[in-house]
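> Sequence and predicted structure, then a few things I'm wondering about:
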Amino acid sequence: MMSPSLQLAITIQPPSSSPIPIRATEQQCLSLLHSTSSLPKLLQALTFLLKSGLHSNILILTRFAAAASFLGPSATAAAAALLFSPSHSPLPLHDSFLFNTALQSLSPSPLHPLPIFSLMLRLHLPPNHFTFPFLLKAIASLPSPLPAASQAHASALRFGLAGDSFVHNTLIHAYAAVRCVAALESARKVFDEMPKPCPVTFSAMIGGYILSGRSNEAVALFRQMQLTNIPPDDVTIMTVLSACVDLGALDLTHWIKFYVERMKMPKTLFLCNALVDALAKCGDVDGAVQLFDRMPEKNIVSWTSVIHGLAMHGRGVEAVRAFEAMKNADFEPDAVAFIGVLKACSHGGLVSDGRYYFDSMSRDFGVQPRIEHYGCMVDLFSRAGMVEEAMEFVGAMPIKPNPVIWRTLIAACRVHGKLELGERITKQLINQEPLYGSNYVLLSNFYALNKRWEKKWDIRKSMDQQGMRKAPGFSSFELNGEIYEFVAGGEKLSHYQEIYEMVEEISKKLMGAGFMAATSEMLLDIHEEDKEDALHWHSEKLAIAFALLRTPPGTRIRIVKNLRVCGDCHSATKFISKVYHREIVVRDRSRFHCFKDGFCSCKDFW
Ligand code: ZN
Ligand code: ZN
């Protein structure tokens, strides 16, 4: 059904035969389009546009399509249909170029480009070499692009353009943007069928794997690329670096850095920033700082990467120093840089610095604190054991605290013995987020701490009945360029038997060395992941056991874990580092822990 205003618009007069001089009207039309905030206003602009003969002015048409795109899918489809409607003929520019421009202007926007494309076909205008890339790019930004991508794919085949590498690459990109298994398979099929893949093709496919959270496969494809004679370009390198960050693949990051140097690739600002970021996030923060120091040109992103990297490694004082150096170098800190420095203060226990920077944000730089900044402050107080301050701070927040902030407070209440308060907050949180399993686990912990066992078991039972599970934890370990992933209870894999035996052996050795599993924690489910019985070890322990088995004595072990490391694993890892004389670096969801001689770099402050 068409709305009355649209019907009205269809009766718009055809273009006047003597248009007003173009320059003045062009300007007028542009300002009309600039202020289109509703469909009637858009239609008003359209009327003006047609009346003044601007319907063949590419600049105006592009702006028109862009203005329509802000008003929602139905507005764009309607506006496009009206604009291109044969009823307004004679429209002199009914050619593929105009349609291509219109399609191009839709990207990126959540609007459907297919109506424009269908109209183009209805007008017997053949899509060309450029049409599909524009169409597919617009499709890639739709909320659910799969059906449209498949249609466009079929159409490209019909017009004999599917063999075009330009079309191929955007097709992979469009499928990859869908982020589901079926679409990723379609993308891979297109990829495999390409007679002559180029670096762009590889980057599109590698990027697709990363978007779908399959960074391991992204790295595998990059390795496959190295076996061909297609050299990666800077985009491929930057794409693979983001897979490295996901996986914490430090060896590969080092290899890429070496490759960039060996191939004398231009060290653009973007490439250097990506390298600094990957080095810092994969565990070589000193390497990141070194590279950063040698960069001829830096921007705020470069500084922020270094500050965040130092913060993740608990090197709060250095991060604060870098933040000050950034200000002295005349880079105005933005919201992201402030998150970095606040995290640095939080992980380094620098409470007064944290307070200072939080106040300074809006006072000195006009950066309004967002929920993340408030979260950093709550974390800062909580880690420092200042639960009252944290509560007061949350109470005074001008925005509604999110569940992350509540969970931070709950953890602080548990660690610092504020059981009643913790229980109360947890109940509130459950009201706010009734479907999130981990909240019930938190509540059951408070019951356990108060020795109200029946209540605790009731909760566990009802969670089981409702099929609620905690988040699945996994850890990864990079060995000779391969990434090995471990999940608790993953005994189906062939090498798990040997790992479990190793874990048993480790346990015995640890007990011999005086390690006692934290019994209070054994009664609790403080872990974010499932641990149903003694055999279901947390994934980082499995990864460490595997690393001990496969690497020569004395080798440093690096593990990446997707969740926050639990107290039990944390103290066990400290013991392992001492008993096995190994340095063990664990990157968890929140920071790096460097275990050495029975101590952790986080000073048990995480
Ligand atoms: Zn654990
Ligand atoms: Zn630690």
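Yes, it's here. Ligands and ions are numbered 1, 2, ... in the order given.
> buried sites along the top helix by length along the chain?
Criterion DSSP state H: the longest helix present in the chain is helix 496-512. Buried residues in helix 496-512, counted by 16 or more other CB atoms under 10 Å: 496, 499, 502-503, 506-507, 510. In this view, the C-beta of every residue, glycine as well, is placed from N, C-alpha and C.
> Ok, stretch 142-155 next?
For stretch 142-155, by 16+ other CB under 10 Å, it's 142, 145-146, 148-150, 152-153, 155.
> before we move on, what about stretch 121-131?
Quick answer for stretch 121-131 (16+ other CB under 10 Å): 125, 127, 130-131.
> Among these, which are located in helices?
Among the buried residues of stretch 121-131, the ones falling in helices (DSSP H) are T131.
> now, which of the buried residues of stretch 121-131 sits nearest ligand 2?
Lowest distance from ligand 2 to the buried residues of stretch 121-131 (CB to the ion) belongs to F130, with 53.9 Å.
> phi, psi of that closest one?
Main-chain dihedrals, F130, degrees, to the nearest 10: phi -90, psi -20.
> Same question for R558.
For R558, the backbone dihedrals (degrees, to the nearest 10) come out as phi -120, psi 130.
> Please apply the same query to D588.
Dihedral angles (degrees, to the nearest 10) for D588: phi -100, psi -170.
> what residues are up against it?
561, 563-565, 606 (CB atoms under 8 Å, 6 or more residues apart in numbering).
> for those residues, which one is nearest H308?
The closest of the contacts of D588 to H308 turns out to be W606 (CB to CB; 16.2 Å).
> Determine the number of other residues adjacent to the nearest residue to K257 once chain neighbours are set aside.
Spatial nearest neighbour of K257, chain neighbours left out: L275 (5.7 Å); criterion: CB to CB, 6 or more residues apart in numbering. Using other CB atoms under 10 Å, L275 is surrounded by 25 other residues.
> Kindly report the same for the one 4 residues further on.
Summarising burial for L279: neighbours were counted as other CB under 10 Å, giving 29.
> quick revisit: tell me which of the buried residues of stretch 142-155 fall in strands.
Under the assignment DSSP state E, those contribute nothing to strands.
> Can you narrow these down to the ones near ligand 2?
Checked against ligand 2 using CB under 5 Å from the ion, the buried residues of stretch 142-155 yield no neighbours at all.
> Reformat the residues you listed as a markdown table; add pLDDT.
Rendered in a markdown table, the data for the buried residues of stretch 142-155 read as follows (pLDDT from 0 to 100):
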| residue | pLDDT |
| --- | --- |
| L142 | 79 |
| P145 | 79 |
| L146 | 84 |
| A148 | 85 |
| A149 | 85 |
| S150 | 88 |
| A152 | 86 |
| H153 | 87 |
| S155 | 87 |
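> was I right about H570 contacting G598?
No: using CB atoms under 8 Å, H570 is not in contact with G598; the gap is 11.9 Å.
> ok, these two, which is more surrounded?
Neighbour count, other CB under 10 Å: between H570 and G598, H570 has more, with 20 against 15.
> mind checking which helix or strand the more buried one is in?
helix 567-579 (DSSP states H and E).
> picking up where we left off before, how about the residue nearest to K257, secondary structure?
helix (DSSP: H, G, I helix; E, B strand; the rest coil).
> now do L563
coil.
> Which one of the buried residues of helix 496-512 is nearest to L42?
Scanning the buried residues of helix 496-512 for proximity to L42, where the rule is CB to CB, the winner is Y496, at 61.2 Å.
> if we can go back for a sec, export the buried residues of helix 496-512 to JSON lines and tack on pLDDT and distance to G316?
Below are the buried residues of helix 496-512 laid out as JSON lines (pLDDT from 0 to 100; distance: CB to CB, whole Å):
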{"residue": "Y496", "pLDDT": "76", "distance to G316": "39"}
{"residue": "I499", "pLDDT": "86", "distance to G316": "36"}
{"residue": "M502", "pLDDT": "90", "distance to G316": "36"}
{"residue": "V503", "pLDDT": "86", "distance to G316": "34"}
{"residue": "I506", "pLDDT": "90", "distance to G316": "32"}
{"residue": "S507", "pLDDT": "86", "distance to G316": "34"}
{"residue": "L510", "pLDDT": "86", "distance to G316": "31"}
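> Quick check: of those, which lies closest to D192?
Looking at the buried residues of helix 496-512 and their distance to D192, the nearest is Y496, at 31.9 Å (CB to CB).
> burial of L442, as a residue count?
Look at L442: counted by other CB under 10 Å, it has 26 neighbours.
> Please identify which helix or strand holds it.
Going by DSSP H and E, L442 is part of helix 437-449.
> Does anything pack onto that helix? Which helices or strands?
helix 403-415, helix 419-432, helix 453-465 (3 or more CB pairs under 8 Å, 6 or more residues apart in numbering; DSSP states H and E).
> contacting residues around the second one?
Same thing as helix 419-432. So helix 419-432 is contacted by 387, 391, 403, 406-407, 409-410, 413-414, 439-440, 442-443, 446-447, 449-450 (CB under 8 Å, 6+ apart).
> Make a ChimeraX selection of the buried ones in those.
To isolate in ChimeraX the members of the contacts of helix 419-432 that are buried, counting by 16+ other CB under 10 Å, one can use:
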select :387,391,406,407,409,410,413,414,439,440,442,443,446,447,449
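> Any buried residues in whichever strand or helix holds V245, and which?
Here V245 sits within helix 234-247, counting by DSSP H and E. By neighbour count on 16+ other CB under 10 Å, the buried set for helix 234-247 is 234-247.
> Just the mean pLDDT for it, thanks.
Regarding helix 234-247, the rounded mean pLDDT is 94.
> How far off centre is it?
13 Å (CA atoms, centre = their mean, to the nearest Å).
> right, and the helix or strand after that helix?
Helix 234-247 is succeeded, C-terminally, by helix 250-262 (DSSP H and E).
> Run the chain-centre distance for that next one.
23 Å.
> In JSON lines, list the buried residues of helix 496-512 along with distance to ligand 2.
Output for the buried residues of helix 496-512, formatted as JSON lines (distance: CB to the ion, whole Å):
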{"residue": "Y496", "distance to ligand 2": "26"}
{"residue": "I499", "distance to ligand 2": "23"}
{"residue": "M502", "distance to ligand 2": "22"}
{"residue": "V503", "distance to ligand 2": "20"}
{"residue": "I506", "distance to ligand 2": "18"}
{"residue": "S507", "distance to ligand 2": "20"}
{"residue": "L510", "distance to ligand 2": "17"}
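> which one among those residues gets closest to R383?
Nearest to R383 among the buried residues of helix 496-512, counting by CB to CB, is L510 at 26.7 Å.
> Run through who's touching stretch 276-296.
241-242, 244-245, 248-250, 253-254, 256-257, 267, 269, 272, 275, 298, 302, 305-306, 308-310, 312-313, 315, 558, 585, 587, 592.
> What residues sit buried inside it?
276-285, 287-289, 291-292.
> Greatest separation within these: which pair is it?
The most distant members of the buried residues of stretch 276-296, if one measures by CB to CB, are G283 and F292, lying 15.7 Å apart.
> Helices along the stretch 1-150 of the chain, start to end?
Using DSSP state H, counting those that start in this stretch, the helices of the stretch 1-150 of the chain run over residues 4-10, 22-34, 39-51, 58-69, 73-84, 96-105, 114-122, 131-140, 146-158.
> circling back: so which of the buried residues of stretch 276-296 would you say is closest to ligand 1?
Among these, and counting by CB to the ion, the member closest to ligand 1 is G283, at 19.7 Å.
> Ignoring the adjacent residues along the chain, who's closest to that closest one?
Closest to G283 by CB to CB, 6+ apart is L250, at 5.1 Å.
> And F515, by the same measure?
F515 sits nearest to F575 (CB to CB, 6+ apart), 4.3 Å away.
> One more: L184?
Using CB to CB, 6+ apart, the closest residue to L184 is S212 (5.3 Å).
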